[in-house]
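**Student:** Sequence plus the predicted model coming up.
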Amino acid sequence: MKRFLVIMLAGLMLFSFAACGNNETPSGGKEKDPISKGDLDDLDEALDKLEQMLPDGWDENKYGAYIYNVWDSEFLPDCFPAAPDGIKVDQTNFKDYDHDTLNGDYSVGPLIYDSYEDYREYGVGFYATQEQLDIFVAAVEDKGMTGGQTEDGDWCIYEYFGNGWFMEIFANQMHNDQEYNYWVSVSATDCLFDLPASISGIPLPQVGMVTYDHDNYSINDFTDGYEDVDFDLSSDTLPDEHYAAWFSYYCAVNQDAIDYAQQLKDLGWEVEWETDGEDGYRCCLKKNGVYAISNYYDYDCMLEVGFSDMIENLSY
């Protein structure tokens, strides 16, 4: 039904644009004006609003939208596989950019956002046996998602990313249910913000996902204690001293940290120290009085990059 409305509105708007685009010329004839960019922007906005309309059967409040007892495959993004046979579906849910959260927690797995307006989140909840959970996890991997299990026990957590999406699968073991082993909650989000290109002429990694808008970026100034200072990545240069600049890239892999360190090496940065342990790669480099780090943290699937005039400012 929603798709029909989208097509119908697009047709009506294009028809109206064509009708009002015929203007009389001084000779009494008609001259056809091209559709303006403003007209196209209006059409795009209207189509976006229609695409955000909820499917039939859904309910909504200020904290999100939901439908009970339905696995709404048509609404869920492509990173979600179909429902495994035999599971008991509890709900499909959705947090859009204008939905707040009930607990004030603006995060999806390790991805932490500044505001509820910074992200949207698709989810499903269901009851499953161990076999059904394994089938679902395998189906996520078949979708081309990278990752795996990050925690085991009564609470099992799986984290996957790929194709522009991050997904967390949270499975809570149920000891008193004779039919199902787990209550499973699945959440997925895509990236709203562009990756920053460079800082002070130094290229930055082009991998993973960032959780805030780097057009509104700040660096740490340690001149008189500690404060955040506005910094324009497109034009400002790093201060001479007393600063630290940080960048975090989620949904990365260990090789991304290795590759970025190698990129800096190729640009003439000298290695101060370098390790590659069980929990991830770590590297510190230096060039022209500037220290840089390229660190990977396996537990958060995060690549962390930092720059400072003092190595102590990059240690914590």
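**Tutor:** In hand now; what should we look at?
**Student:** Val70 - how many residues pack around it?
**Tutor:** Burial measure for Val70: 17 neighbouring residues, criterion other CB atoms under 10 Å. Backbone N, C-alpha and C define where each C-beta goes, glycine included.
**Student:** element containing the closest residue to it other than its chain neighbours?
**Tutor:** Spatial nearest neighbour of Val70, chain neighbours left out: Thr92 (5.7 Å); criterion: CB to CB, 6 or more residues apart in numbering. Secondary structure from DSSP states H and E places Thr92 in strand 88-95.
**Student:** residues making contact with that strand?
**Tutor:** Defining contact as CB atoms under 8 Å, 6 or more residues apart in numbering, one finds that strand 88-95 is touched by 54, 63-72, 75-76, 83, 101, 116, 119-128, 179-180, 183.
**Student:** Recalculate using a threshold of 7 Å.
**Tutor:** Residues from elsewhere that reach strand 88-95 (CB atoms under 7 Å, 6 or more residues apart in numbering): 64-72, 75-76, 83, 101, 120-127, 180.
**Student:** Could you identify the helix or strand that succeeds that strand?
**Tutor:** Using DSSP H and E, the helix or strand that follows strand 88-95 in sequence is strand 107-108.
**Student:** Residues touching the next helix or strand after that following strand, excluding its own?
**Tutor:** Remark: after strand 107-108, the chain's next helix or strand is strand 111-112, criterion DSSP H and E. Judged by CB under 7 Å, 6+ apart, the contacts made with strand 111-112 from elsewhere in the structure are 106, 166, 189, 209, 211, 250.
**Student:** Report the rounded mean pLDDT for strand 111-112.
**Tutor:** For strand 111-112, mean pLDDT is 93.
**Student:** Could you do stretch 116-126 as well?
**Tutor:** 97.
**Student:** and that stretch, which residues are buried?
**Tutor:** Going by neighbour count (16 or more other CB atoms under 10 Å), the buried part of stretch 116-126 is 116, 118-126.
**Student:** just to revisit the earlier point, pull out the buried residues from the strand holding Thr92.
**Tutor:** Buried residues in strand 88-95 (16+ other CB under 10 Å): 89-95.
**Student:** what would those residues look like in TSV with pLDDT and distance to Glu151?
**Tutor:** Below are these laid out as TSV (pLDDT from 0 to 100; distance: CB to CB, whole Å):
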residue	pLDDT	distance to Glu151
Val89	98	24
Asp90	97	22
Gln91	98	24
Thr92	98	25
Asn93	98	22
Phe94	98	25
Lys95	98	23
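**Student:** do you know how far the spatially most central residue of the chain is from Val70?
**Tutor:** Among the residues of the chain, the smallest C-alpha distance to the mean C-alpha position (CA atoms, centre = their mean) belongs to Cys191, namely 2.9 Å. Using CB to CB, to the nearest Å, Cys191 is found at 27 Å from Val70.
**Student:** could you pull out the strands for the stretch 1-150 of the chain?
**Tutor:** When assigned using DSSP state E, counting those that start in this stretch, the strands of the stretch 1-150 of the chain occupy the ranges 22-24, 30-32, 59-61, 64-68, 88-95, 107-108, 111-112, 121-128, 146-151.
**Student:** And for the stretch 201-316 of the chain?
**Tutor:** 202-203, 217-221, 227-231, 243-250, 270-277, 280-287, 290-297, 302-308.
**Student:** how about CSV for these, with mean neighbour count and mean pLDDT added?
**Tutor:** Written out in CSV, the entries for those read as follows (neighbours: other CB atoms under 10 Å; pLDDT from 0 to 100):
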stretch, mean neighbour count, mean pLDDT
strand 202-203, 15, 98
strand 217-221, 17, 96
strand 227-231, 13, 95
strand 243-250, 20, 96
strand 270-277, 11, 96
strand 280-287, 20, 98
strand 290-297, 21, 97
strand 302-308, 23, 97
